[in-house]
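[1] Dropping a prediction and its sequence here:
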Amino acid sequence: MISEKATIGRNVSIGAYCVIEEGVVIGDGTVIKNFVELRKNTIVGRNCFIDSRVSTSGDCQIGDNVTLRYDTIIARGCKIGDNTYVCPRVMTNNLDTGKTSIGGATVGTNCFIGTNTVLHHGIRIGDHAITGAMSFVNKDIPEGEIWVGNPARFHRRRDAGGSR
């Protein structure tokens, strides 16, 4: 189901059994695979790849050239910067333990978020940062740092060239 009140850019590919609600904006050249759910007011940039079974809670922003892999959940209020790669089964949330909406995580540009990572509500991940697979990120990660573990802890800085 694609809402008539969604805005779909040019050369967008949308797979089978997708739900795209009102107020959703999808940028030019984006590929959306099967069983994707983009709830109200989700903004997806240009040239993104949204893999099967990705879900958003709405009111979130996904930058240009972003990859969201299989089974990822992007909570309400999350922001994902340009050129970021999110591995399969990453989960974000936007509520604290009292069910108060804090807002989702903010992920910078050129980041790499490892498989099965959980991003706690309200945290910020700086540009060029990396999280290791199966990390639980409950603190802000400064720009250019690599964090791993549960809870995630500083591992090392990325090299000056920015390679992963």
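    Nice, thanks for sending it over. Numbering: from 1, shown residues only.
[2] Give me the residue ranges of the chain where confidence is low.
    Residue ranges of the chain with pLDDT under 70: 160-164.
[3] now the helices for it?
    With DSSP state H as the definition, the chain shows no helices.
[4] for the closest residue to residue 2 other than its chain neighbours, what are its contacts?
    Nearest residue to residue 2, sequence neighbours excluded (CB to CB, 6 or more residues apart in numbering): residue 20, at 4.5 Å. For every residue, glycine as well, the C-beta is placed using N, CA and C. Going by CB atoms under 8 Å, 6 or more residues apart in numbering, residue 20 touches 1-3, 6, 8, 14, 26, 36, 38.
[5] cool, and residue 26?
    6-9, 12, 20, 32, 38, 44.
[6] Can you say which of the contacts of residue 20 are buried?
    For the contacts of residue 20, a burial check counting by 16 or more other CB atoms under 10 Å picks out 6, 8, 14, 26, 36, 38.
[7] Which one of those residues is nearest to residue 82?
    Ranked by distance to residue 82 (CB to CB), those are led by residue 26 at 15.5 Å.
[8] ok, that closest one to residue 114 distance?
    26 Å (CB to CB, to the nearest Å).
[9] Likewise for residue 65?
    19 Å.
[10] Check residue 3 too.
    As judged by CB to CB, residue 3 and residue 114 stand 33 Å apart.
[11] The residue lying closest to residue 87 once chain neighbours are set aside: what's it in contact with?
    Nearest residue to residue 87, sequence neighbours excluded (CB to CB, 6+ apart): residue 115, at 4.1 Å. For residue 115, the contacting residues are 69, 87-90, 133-134, by CB under 8 Å, 6+ apart.
[12] Okay then, goodbye and thanks.
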